[in-house]
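Asker: sharing a model that was predicted from the sequence below.
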Amino acid sequence: MTAWAGVTIDCHDARLLAGFWSTLLDVPARPAGADRAGWYRIGPAVRGGPVLNFQPVPEEKAGKARVHLDLWVDDLEESIELVERLGGARRGAVQVLERGRIAVMSDPEGNEFCLIANPAV
């Protein structure tokens, strides 16, 4: 059987990125554990829920990431402003696609993700 464990993001400052994502997603951050020195994690403290791990690595980010997160948001403009206040950035104009309005964003270390206006709101 295969089960979901989480997504791990390589980064320089694991604590900084865990704080960014923790605030953006309103999920608590914590050190990942004694066997993972310097790592941070956001998500539930018990097994079974999705987690984001932040693993410190020495090398620089090279090029565009091949995986990114898509996040539903109720208010796209408010969410863009929050990302920017937290040290992230917008990567171009808001796009209008069949599934809704989308803003490509990046976290403080340049990892890209999309904010998607929830069409149900």
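Answerer: All right, it came through fine. Numbers count the residues shown, from 1 in each chain.

Asker: neighbours around Asp70, how many?
Answerer: 10 (other Cβ atoms under 10 Å). Bear in mind the C-beta positions are built from the backbone N, C-alpha and C, glycine included.

Asker: try Leu24
Answerer: The burial count for Leu24: 20, using other Cβ under 10 Å.

Asker: show me the domain layout of the chain.
Answerer: By the assignment in automatic domain parsing, the chain contains the domains 1-58, 68-121.

Asker: CSV for the ones you listed, including mean pLDDT?
Answerer: Shown next, in CSV, are these (pLDDT from 0 to 100):
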stretch, mean pLDDT
domain 1-58, 88
domain 68-121, 93
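
Asker: what ranges do the helices span in this protein?
Answerer: 14-25, 76-85 (DSSP state H).

Asker: so of those helices, which one's packed in deepest?
Answerer: Among these, helix 14-25 has the highest mean neighbour count (mean count of other Cβ atoms under 10 Å), at a mean of 20.

Asker: quick one: which of the helices of the chain is nearest Gly110?
Answerer: helix 14-25 (10.6 Å; Cβ to Cβ).

Asker: could you pull up the residues touching the residue minimising distance to the centre of the chain?
Answerer: For the chain, Trp21 is the residue whose C-alpha lies nearest the centre (Cα atoms, centre = their mean; 5.1 Å). If you count contacts by Cβ atoms under 8 Å, 6 or more residues apart in numbering, Trp21 has them with Val27, Ala29, Ile42, Leu52, Phe54, Asp107.

Asker: sitting in strands, which of these do you find?
Answerer: In this view, these that belong to strands under DSSP state E are Ala29, Ile42, Leu52, Phe54.

Asker: tell me the bridge partners for the third one.
Answerer: As for beta bridges, Leu52 partners with Val7, Ile42 under DSSP bridges.
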